[in-house]
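J.: This is a predicted model, with the sequence first.
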Amino acid sequence: MGVFDVFSKNKEEKLSKGLSKTRDSFFSRLSKVVVGKSKVDSAILDDLEEVLITSDVGVETTIKIIERIEDRVARDKYINTGELNQILKEEIIALLVEEEKSTFSDRGIENTNEPYVIMVVGVNGVGKTTTIGKLAHKFKEAGKQVVLGAADTFRAAAVDQLTIWSERAGVPLINKGMGADPASVTYDTLDHAVKNNADVVIIDTAGRLHNKVNLMNELSKIKRVMQKVIPNAPHEILLILDGSTGQNAFEQARQFTSATEVNALAITKLDGTAKGGVVLGISDQFNVPVKYIGVGEGIDDLQIFDRIAFVEKLFQQ
């Protein structure tokens, strides 16, 4: 059984349920835009722009979507409001396809002779440690040997929480306690992984709010230490963002993508919010693919992001 098989269990049902608040909010606004109208004109497009922005899609991405629809209206001369949902769905999917640059795959892990190293970044409170635990569980379920590293040593709660998750997932945790040097923890974790032929290493890093220089220096030090053990590490720098925070998630993405080479995103807590539009805007604006989404609190409620399934469920009526 591959990683993607495991992640797809009950996926559609959980995805639909997890996006219900975003979907209900979005369509209640969209329906007001088209009520009593027969064709898509500039007034409708202005209203649609407002709906997308207030759905936390973001200004830049909203403008792209509106321009695409304007081009279609100009080309096709007449588009009725009944077609608007389908056109909007198609343009959002096309936008996400263009931005998709994920290199992760089953083959990427299976064919390597060294552990696949994921360095996880993000501020406190976004579900970082929980996401690490869920990822460990999924990889373990897929038959991978997983090792966790507790390199967020500035909060005792972070180490304690990761310990609990490692036990739940049944994977080893390298932990030197609160106050330990994060780079030292990282080195020991990768050394253990290599010696024990692990497939995947997941390193938790500090979620403190930094200024850009301090954040960059700290993450750079961890990466340099990784490369003493595994030259190509980290293979993935995964930024965790809380989808329920809306525009705050954009600001966090801005800070972390400018401080380090983030190449994957995980958007958490989508089941408790109507702000699911952030998934579309953040991926597009920062040119980083969304790899995982969290649609519930359970250990199986982390999903590999499927752009087409996501948009289909967002537009499901």
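T.: All right, it came through fine.
J.: quick one: the helices in the stretch 51-200 of the chain?
T.: Along the stretch 51-200 of the chain, the stretches classed as helices by DSSP state H, counting those that start in this stretch are 59-76, 84-99, 106-110, 128-141, 156-169, 182-195.
J.: now do the stretch 201-317 of the chain
T.: 212-229, 247-259, 278-286, 307-314.
J.: Just send these back as TSV, with mean neighbour count and distance to K17 too.
T.: For the C-beta atoms, the positions are set from N, CA and C on the backbone; glycine is no exception. Output for the helices of the stretch 201-317 of the chain, formatted as TSV (neighbours: other Cβ atoms under 10 Å; distance: least, Cβ to Cβ, whole Å):
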stretch	mean neighbour count	distance to K17
helix 212-229	16	35
helix 247-259	18	21
helix 278-286	25	16
helix 307-314	19	9
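J.: would you turn these into TSV with mean pLDDT and distance to L238?
T.: Below are the helices of the stretch 201-317 of the chain laid out as TSV (pLDDT from 0 to 100; distance: least, Cβ to Cβ, whole Å):
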stretch	mean pLDDT	distance to L238
helix 212-229	88	12
helix 247-259	89	10
helix 278-286	88	13
helix 307-314	86	17
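J.: now for those helices, which one comes closest to D301?
T.: Between D301 and the helices of the stretch 201-317 of the chain, the tightest spacing by Cβ to Cβ is seen for helix 307-314, at 14.6 Å.
J.: That closest one packs against which elements?
T.: helix 11-18, helix 20-34, helix 84-99 (3 or more Cβ pairs under 8 Å, 6 or more residues apart in numbering; DSSP states H and E).
J.: neighbours around I299, how many?
T.: Each residue near I299 was counted by other Cβ atoms under 10 Å, and the total is 16.
J.: meant to ask about F315
T.: When counting by other Cβ under 10 Å, one arrives at 18 neighbours for F315.
J.: V35 too?
T.: 8.
J.: mind listing what E70 touches?
T.: Listed by Cβ atoms under 8 Å, 6 or more residues apart in numbering, the contact set of E70 reads L45.
J.: pLDDT score assigned to it?
T.: Looking at E70, its pLDDT reads 89.
J.: gap between it and A94?
T.: The gap separating E70 from A94 is 15 Å, by Cβ to Cβ, to the nearest Å.
J.: quick one on the thing from earlier: out of the helices of the stretch 201-317 of the chain, which is closest to D24?
T.: helix 307-314 (10.8 Å).
J.: Distance from the chain centre to that closest one, please.
T.: 15 Å (Cα atoms, centre = their mean, to the nearest Å).
J.: Show me what it is in contact with.
T.: Counting by Cβ under 8 Å, 6+ apart, 11-12, 15-16, 19, 22-23, 26, 89, 92-93, 96-97, 100, 276, 279, 290, 293 sit against helix 307-314.
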